[in-house]
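A.B. asks: For reference, the sequence and a predicted model appear below.
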Amino acid sequence: MPIHNDIIMWMALFNEEQLRVYGGRLGRRLGPGSVIALVGGLGAGKTTLTKAIAAGLGVREVVTSPTFTLVNEYLSGRLPLYHFDLYRLAGPEAGSVYKELAEIGYEEYFYGDGVTVIEWADRIEGLLPEYAMRIDLSYTGDPNIRQVEERLPQGSGAAAAGDGDHHGLAGAPFFSPWLGAGNFQPGAAFKSHGLEKEWSAICDGISRVAERSGARRPTLAGNPAGSILAVETTGPLCSVALRTEDGRVFYRVSGEGLMHLTSLLPMIEGLLGEAGVAPEGLGCIAVSAGPGSFTGIRIGVATVRALAQTLDIPVIKVPTLETFVYLKGQGSEEGHDAYIVACPVFDARRDQIYAGAYMLEADGRIMTLVQGGAYGSGEYFAALGASVEALAVLTKRISGSDGGIVCRFMGDGVSVCFPDGEWGEKELPALSCMGDGVSVCFPDGEWGEKELPALSCMGDGVSVCFPDGEWGDGGCGQKGPSPLSSGVVQDARAVLKWAEAHGVLVGYDELEPVYMRKAEAQRRLDERNNKAQEPFPFVLREATEDDAYGISVIERLSFGEPWLEESILGDIRLEYSDYVVCESEGLILGYAGLHRILEEGHITNIAVHPGARRKGIGAAVLKELVKRAELWGTMDFTLEVRDGDEAAIRFYEDQGFVSEGVRTGYYPKDGGRREDARIMWRRGAPADV
């Protein structure tokens with residue numbers, strides 16, 4: 001956001017004591033999410049004003065300038081205060097301004113629920129939120145007098161409001177709710193401040209795309225017909241794609257990174273013009289909703305919300321990580337028999353990555369192997385190793401041979417997972433949990449395959465590669481520069497493909513960003529206040545027919561003779577059948593089923609996704625299943641378990657089951673042999689369960 005603007009809301013001449021009074025009053029009026037950008041030379045009074053704002057917020061700590069640490073946090077006031085001092089970024093380090101700020105998670109401060117005060121804010125004008133309030137401090141001819149000017153964001157139209165209580169704008173930033181998460185309707189915050197004119201100006205700005213095409217605002221709500229616009233702003237580059245009603249696809253990408261705010265609307269306008277599509281021809285807008293850059297997500301979601309409201313059309317919320325199955329080189333390619341697992345990995349700072357793992361199935365559905373989330377690298381690779389090992393067993397059963405699985409890593413987080421700058425024959429600690437024998441492709445001047453003995457619990461024949469956007473010989477034989485330097489970035493064309501294959505139309509007011517974790521500053525505040533850590537987020541509910549695919553994925557990854565989706569669907573429909581699923585953010589992580597026969601319940605199966613085990617999901621679904629069956633009058637429960645599966649037997653014993661017999665040759669085994677089943681019962685309700 002360029003903050004060199006000429007909208008001066010208010011100006012005064014203060015001595016130092018008056019400056020403190022002014023800052024204290026300002027601090028008492030500031031609300032959550034306020035950003036104050038202080039501009040002025042050395043000794044102009046920026047730190048003095050910051051201390052006064054802190055006093056107005058009720059901060060009890062001693063406020064000092066964070067010149068060498070960039071930011072200080074003060075959490076004792078009515079709102080957290082985040083004090084940035086960017087003075088040293090004018091020196092030799094200035095070329096890495098964004099990198100330094102990104103490393104401390106600046107977006108999570110700027111867009112958090114506290115108050116952010118930034119000294120020397122003119123040095124990061126392109127990174128500031130649109131709603132930041134600028135205060136210029138400068139000397140006059142008298143060394144004891146400071147000139148103070150309050151300025152509002154360029155183009156906000158606030159000067160026309162005639163609102164003398166200008167501090168109300170900083171006290172509750174009128175842009176921030178629109179850009180944030182939650183059930184916010186665009187325009188509500190403006191109207192709550194008496195700024196109907198300003199909201200109209202924003203809508204007019206967005207509507208100019210339609211006006212330049214000579215179009216009226218159409219009414220397309222509930223009508224999916226028309227062209228589909230896709231927007232991607234979660235990564236370093238901003239891109240848009242359009243599929244017209246006659247099947248043509250148009251695409252544009254920004255020429256430089258981190259310019260989403262100024263690039264997005266002109267790109268949309270240019271794309272529509274190139275395609276000859278008026279905005280009234282849009283049937284819906286798909287947007288990549290995260291995870292990714294906090295700023296990028298907010299810009300993309302806010303723009304799509306406003307466009308959808310203005311054009312009265314539905315939107316599609318697209319999970320960013322899943323779109324990577326549609327990037328070039330994914331899926332089944334002609335002449336290539338590998339099962340390709342897309343592994344998007346993005347740097348989430350604070351020693352974490354945003355990551356997941358997905359495979360595009362032959363019928364077009366996406367199999368989730370690792371649920372998208374924020375992980376430590378070891379945690380992610382443990383989940384990936386468990387899921388890919390299960391997938392290797394499945395593919396061997398299908399094809400009769402080892403191999404054929406390629407884990408394809410993409411994104412800027414790869415350098416976080418694999419920090420060794422020189423890619424020779426060196427140990428990669430982040431991958432050591434995978435065991436021995438995994439083929440890892442990496443650049444060492446020329447692309448080749450090297451066996452790293454420390455890496456392979458995923459099974460023989462599983463290969464790992466780091467593509468540079470092109471599919472080479474077998475996924476690993478290509479030559480060229482290291483893809484780790486550029487990675488494979490988010491792309492609006494992949495967003496478009498996901499939307500066409502899986503999209504669900506919703507209203508603009510239902511569109512919310514996907515952040516996957518709290519801002520760092522909020523996390524620290526919770527720790528300081530001894531707020532309990534949130535439990536693993538999942539819900540237990542009765543299974544529906546729509547869950548049959550998710551259950552079938554777990555079946556295939558867990559059992560040698562899995563139930564097929566059609567069989568599961570038929571079983572769910574039975575009147576005497578009960579199924580319970582564990583769901584987290586739309587993904588089925590575990591399930592349990594039983595058949596009710598008079599007062600007895602026969603538990604048919606229970607399983608948990610390999611990437612989500614050891615989190616208590618199995619016990620949770622079993623207990624919920626039993627509780628629901630008891631409402632039907634079921635008192636006794638039985639099941640079979642392989643006689644040699646000691647871990648499963650201990651699990652059921654912990655849930656109150658006891659062994660009461662053996663069923664000979666019940667389970668099939670390799671080589672045509674059979675394995676006995678142990679029969680276990682839980683009669684009544686044990687007191688310790």
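C.D. replies: That came in fine, so what should we check first? Quick caveat, the model's predicted, so the values are computed rather than measured. Numbering: from 1, shown residues only.
A.B. asks: Against Lys497, how distant is the closest residue to Ala348 other than its chain neighbours?
C.D. replies: Leaving aside its sequence neighbours, Ala348 sits nearest to Tyr354 (Cβ to Cβ, 6 or more residues apart in numbering; 4.7 Å). The C-beta positions use only the backbone N, C-alpha and C, and glycine is treated the same way. Distance of Tyr354 to Lys497, given as Cβ to Cβ, to the nearest Å: 20 Å.
A.B. asks: Looking at these two, which is more packed in?
C.D. replies: Between Tyr354 and Lys497, counted using other Cβ atoms under 10 Å, the more crowded position is Tyr354 (27 against 22).
A.B. asks: which SS class is the more buried one?
C.D. replies: Judged by DSSP: H, G, I helix; E, B strand; the rest coil, the three-state class of Tyr354 is strand.
A.B. asks: Could I get the contacting residues of the residue nearest to Leu30 when sequence neighbours are not counted?
C.D. replies: Nearest non-adjacent residue to Leu30, counting by Cβ to Cβ, 6+ apart: Val115, 5.0 Å away. Neighbouring residues of Val115 by Cβ atoms under 8 Å, 6 or more residues apart in numbering: Gly27, Leu30, Pro32, Ser34, Val35, Ile36, Ile53, Leu57, Leu79, Pro80, Leu81, Tyr82.
A.B. asks: Please put the alpha-carbon coordinates of the helix or strand where the last one lies into CSV.
C.D. replies: The one in question is Tyr82. Using DSSP states H and E, Tyr82 maps to strand 81-85. Output of strand 81-85 as CSV, limited to C-alpha atoms (Å, rounded to 0.1, in the frame of the first residue of the first chain):
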residue,chain,number,x,y,z
LEU,A,81,0.8,-4.0,21.5
TYR,A,82,3.3,-4.9,18.8
HIS,A,83,6.0,-2.3,18.4
PHE,A,84,8.0,-2.4,15.2
ASP,A,85,11.1,-0.2,14.6
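A.B. asks: List the contacts of that strand.
C.D. replies: Residues outside strand 81-85 that contact it (Cβ under 8 Å, 6+ apart): 47, 50, 53-54, 57, 59, 63, 65-67, 70-75, 106, 109, 112, 114-121, 521.
A.B. asks: out of these, which are inside helices?
C.D. replies: Secondary-structure check on the contacts of strand 81-85 using DSSP state H: residues within helices are Thr47, Thr50, Ile53, Ala54, Leu57, Tyr106, Tyr109, Ala521.
A.B. asks: For Gly23, see how far away the residue nearest to Ala348 is.
C.D. replies: 38 Å.
A.B. asks: Below-threshold pLDDT in the stretch 101-250 of the chain: ranges please.
C.D. replies: Within the stretch 101-250 of the chain, the set of residues satisfying pLDDT under 70 comprises 102-103, 152-225.
A.B. asks: Residues in a beta bridge with the residue nearest to Leu30, which ones?
C.D. replies: On the basis of DSSP bridges, Val115 is bridged to Leu81.
A.B. asks: Also Arg541?
C.D. replies: As for beta bridges, Arg541 partners with Val581 under DSSP bridges.
A.B. asks: picking up where we left off before, now, of the contacts of strand 81-85, which are buried?
C.D. replies: 47, 50, 53-54, 57, 59, 63, 66, 70-75, 106, 109, 112, 114-121, 521 (16 or more other Cβ atoms under 10 Å).
A.B. asks: correct me, but Val117 touches Leu30?
C.D. replies: No: if you go by Cβ atoms under 8 Å, Val117 and Leu30 don't touch, sitting 9.3 Å apart.
A.B. asks: any residues in contact with both of those two?
C.D. replies: Joint contacts of Val117 and Leu30 (Cβ under 8 Å, 6+ apart) are Ile36, Ile53.
A.B. asks: rewinding a little: quick one: average confidence on the strand holding Tyr82?
C.D. replies: Mean pLDDT, strand 81-85: 93.
A.B. asks: Below-threshold pLDDT in the stretch 501-650 of the chain: ranges please.
C.D. replies: 516-537.
A.B. asks: Can you tell me the element the closest residue to Ala55 other than its chain neighbours falls in?
C.D. replies: Leaving out its chain neighbours, the residue that sits closest to Ala55 by Cβ to Cβ, 6+ apart is Gly24, at 5.3 Å. Secondary structure from DSSP H and E places Gly24 in helix 16-29.
A.B. asks: can you give me the strands for the stretch 501-650 of the chain?
C.D. replies: Taking DSSP state E, counting those that start in this stretch as the criterion, the stretch 501-650 of the chain carries its strands at 539-542, 577-584, 587-597, 600-608, 636-642.
A.B. asks: okay if I get those as CSV plus distance to Leu394?
C.D. replies: Output for these, formatted as CSV (distance: least, Cβ to Cβ, whole Å):
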stretch, distance to Leu394
strand 539-542, 26
strand 577-584, 21
strand 587-597, 17
strand 600-608, 13
strand 636-642, 18
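A.B. asks: May I see these arranged in TSV, with mean neighbour count as well?
C.D. replies: Listed next are those as TSV, based on neighbours: other Cβ atoms under 10 Å:
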stretch	mean neighbour count
strand 539-542	13
strand 577-584	22
strand 587-597	22
strand 600-608	20
strand 636-642	19
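A.B. asks: of the ones you listed, which approaches Thr310 most closely?
C.D. replies: Smallest distance to Thr310 across the strands of the stretch 501-650 of the chain (Cβ to Cβ): 33.3 Å, for strand 587-597.
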